[in-house]
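J.: model this:
(one chain, ligands or ions: 1)
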Amino acid sequence: MQIGPYCLPNNLFVAPMAGVTDRPFRQLCRRMGAGYAVSEMVTSRKDLWSSLKTSRRANHDGEAGPIAVQIAGTDAAMMAEATRYNIDRGAQIIDINMGCPAKKVCNKWAGSALMQDEPLALQIIEAVIAAAAPHGVPVTLKMRTGWCESEKNALRLSLAAESAGVAMVTVHGRTREQGYKGEAEYATVAAVKAALKIAVVANGDIDSPQKAKQVLALTGADAVMIGRAAQGRPWIFTETAHFLATGESLPAPTVLQARDWLLEHLHDHYSLYGELTGMRTARKHIGWAVAELPGGEEFRQEMNLLESSAAQVKALQAWFDTLAQGYQRLPYLAKPSEARTIAPHECKQLRQQA
Ligand SMILES: Cc1cc2nc3c(=O)[nH]c(=O)nc-3n(C[C@H](O)[C@H](O)[C@H](O)COP(=O)(O)O)c2cc1C
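T.: Numbers count the residues shown, from 1 in each chain. So this is what the prediction gives:
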């Protein structure tokens, strides 16, 4: 798997998720086997670049390359400037966000809203490529299947993006109008893959090694991108890599392994955000990590009342130590892996379309 000059260790990507895939979480996912991670989106609004939020998002200290930064905006010149700004700060790949409902920039919705205005979307793509090319930085694009069910323009837009010089396209199998409702469909991803020469990444509802394998086979995509399923379960990348290589499922990590990985992540997290913000924003990561474990919901509620990072660490450590007395391996209550594979009728439909 290659993006421009960068050869990736595998084709399992962690999805950019604002408020989740900060540098500590990306590093955790990379340690757990993800071959590639893109930053949370950075706005093209210059007046916000010096804000604490944006500067934390632009922090890549100690991060394994290639450093991929996602930018979001609605104005071609501003996006070109954001490209140069992020390249100056270490970005080796620039990803354009046309995949998630980003905030308004200059009174227009950015992100997936751009799919509704193809000429503007293309103007932005061309401007970003022109700004990145002198630095030898590849530009990638993340999009949805289209604006709404009756206007699925992912194929048209990705062909235009490829002609403009985009190096890789990721498609989340939902329309902008859907938000996160319904199920991701992969027929559009398969159609994009069949038409493009550049790498295509399939994204949406991939929540198990089995599903990753199915989606790769059904779409022919070069890589899969996993978002929500990695929250609290970053070892999904190790599990998926193993399953793809051997066809066998790995057992769940041991309780003590998971405890140590989570504690390491928390320490990284606090050192990026500082005590107060670190302690508050760590709550969601801890909550996800225990969500599917026995007694996890009760622990989450108690942990949310704690007011210091030291208390969080102590509580997490004690909770996992107690869990380890009853179980050697993480005793997941639900097994999402088997619960959400693609239905047989959809497989058939996809094969016919492919
Ligand atoms: C909390 C959250 C934040 C997200 N932020 C971004 C973002 O900054 N940029 C982007 O392109 N997509 C963003 N997404 C969309 C994800 O990258 C991904 O396309 C989507 O979650 C579908 O993949 P999944 O089913 O594996 O989660 C976000 C999703 C979530 C849940």
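
J.: next up, phi/psi of residue 109, please.
T.: phi -70, psi 130 (degrees, to the nearest 10).

J.: give me the number of residues near it?
T.: Look at residue 109: counted by other C-beta atoms under 10 Å, it has 16 neighbours. C-beta: built from backbone N, CA, C; applies to glycine.

J.: with residue 251 instead?
T.: Taking other C-beta under 10 Å as the neighbour definition, residue 251 ends up with a count of 9.

J.: hmm, residue 320 and residue 299 touching each other?
T.: No - contact between residue 299 and residue 320 fails when scored by C-beta atoms under 8 Å: they sit 9.7 Å apart.

J.: so, low pLDDT: which residues of the stretch 201-350 of the chain?
T.: Within the stretch 201-350 of the chain, the ranges that satisfy pLDDT under 70 run 335-350.

J.: quick check: residues of it near the ligand?
T.: On the criterion C-beta under 6 Å from any ligand atom, the ligand has as its neighbours in the stretch 201-350 of the chain the residues 203, 204, 205, 206, 226, 227, 228, 229.

J.: now the third one, nearest residue through space, not along the chain?
T.: The spatial neighbour of residue 205 that comes closest, neighbours along the chain excluded (C-beta to C-beta, 6 or more residues apart in numbering), is residue 184 at 4.2 Å.

J.: quick one, phi psi at that neighbour?
T.: Backbone torsions for residue 184, taken as degrees, to the nearest 10, come to phi -70, psi 140.

J.: now it: how far from residue 175?
T.: According to C-beta to C-beta, to the nearest Å, residue 184 stands 10 Å off from residue 175.

J.: residues near the residue in the chain that the ligand sits nearest to, how many?
T.: Using C-beta to the nearest ligand atom, the closest approach of the chain to the ligand is made by residue 227 at 2.7 Å. Using other C-beta under 10 Å, residue 227 is surrounded by 21 other residues.

J.: residue 207 is in contact with that one, correct?
T.: No - with contact defined as C-beta under 8 Å, residue 227 does not reach residue 207; the gap is 9.4 Å.

J.: so residue 202, which of the three states?
T.: The assignment at residue 202 comes out as strand when based on DSSP: H, G, I helix; E, B strand; the rest coil.

J.: now residue 212: which helix or strand?
T.: Secondary structure from DSSP states H and E places residue 212 in helix 209-219.

J.: off-centre distance for the helix or strand that that helix is followed by?
T.: Following helix 209-219 in sequence order, the next helix or strand is strand 223-226 (DSSP H and E). In terms of C-alpha atoms, centre = their mean, to the nearest Å, the centre of strand 223-226 is set 8 Å apart from its chain centre.

J.: do a quick rundown of the helices in the stretch 1-150 of the chain.
T.: Remark: helices of the stretch 1-150 of the chain, listed N- to C-terminal, are 23-31, 52-57, 76-88, 118-132; assignment by DSSP state H, counting those that start in this stretch.

J.: what of the stretch 151-300 of the chain?
T.: For the stretch 151-300 of the chain, applying DSSP H, counting those that start in this stretch gives helices covering 154-164, 187-195, 209-219, 236-246, 255-273, 275-290, 296-303.

J.: now tabulate the ones you listed in CSV and tack on mean neighbour count.
T.: Conversion of the helices of the stretch 151-300 of the chain to CSV gives the following (neighbours: other C-beta atoms under 10 Å):
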stretch, mean neighbour count
helix 154-164, 19
helix 187-195, 21
helix 209-219, 21
helix 236-246, 19
helix 255-273, 18
helix 275-290, 18
helix 296-303, 16
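
J.: minimum distance to residue 10: which of those helices has it?
T.: Minimum separation from residue 10 across those (C-beta to C-beta) falls at helix 236-246, 5.8 Å.

J.: what's the distance between the closest one and the middle of its chain?
T.: Taking the mean of its C-alpha atoms, helix 236-246 sits 17 Å from the chain's own mean (C-alpha atoms, centre = their mean).

J.: how about stretch 307-316?
T.: Centroid displacement of stretch 307-316 relative to its chain, using C-alpha atoms, centre = their mean, is 27 Å.

J.: tell me how far the residue nearest to residue 308 when sequence neighbours are not counted lies from residue 16.
T.: Excluding the flanking residues, the one nearest residue 308 by C-beta to C-beta, 6+ apart is residue 279, at 6.0 Å. Taken as C-beta to C-beta, the spacing of residue 279 relative to residue 16 amounts to 24 Å.

J.: what does residue 285 give?
T.: 16 Å.

J.: what does residue 177 give?
T.: Distance of residue 177 to residue 16, given as C-beta to C-beta: 21 Å.

J.: which one's more surrounded, those two?
T.: Higher neighbour count among residue 177 and residue 16: residue 16, with 25 against 15, using other C-beta under 10 Å.

J.: any idea how far residue 243 is from the more buried one?
T.: When distance is defined by C-beta to C-beta, residue 16 is 24 Å away from residue 243.

J.: now swap in residue 1 and tell me
T.: Here residue 1 is placed at a distance of 17 Å from residue 243 (C-beta to C-beta).

J.: check residue 5 too.
T.: Using C-beta to C-beta, which is the criterion applied here, residue 5 is 30 Å from residue 243.

J.: cool, residue 282 as well?
T.: Shown here: residue 282 relative to residue 243, a distance of 30 Å by C-beta to C-beta.

J.: test my guess that residue 3 contacts residue 141.
T.: No - assessed by C-beta under 8 Å, residue 3 is found out of contact with residue 141, at 11.8 Å.

J.: how many other residues sit next to residue 139?
T.: Other residues near residue 139 come to 26 when the count uses other C-beta under 10 Å.

J.: cheers, nothing more for now.
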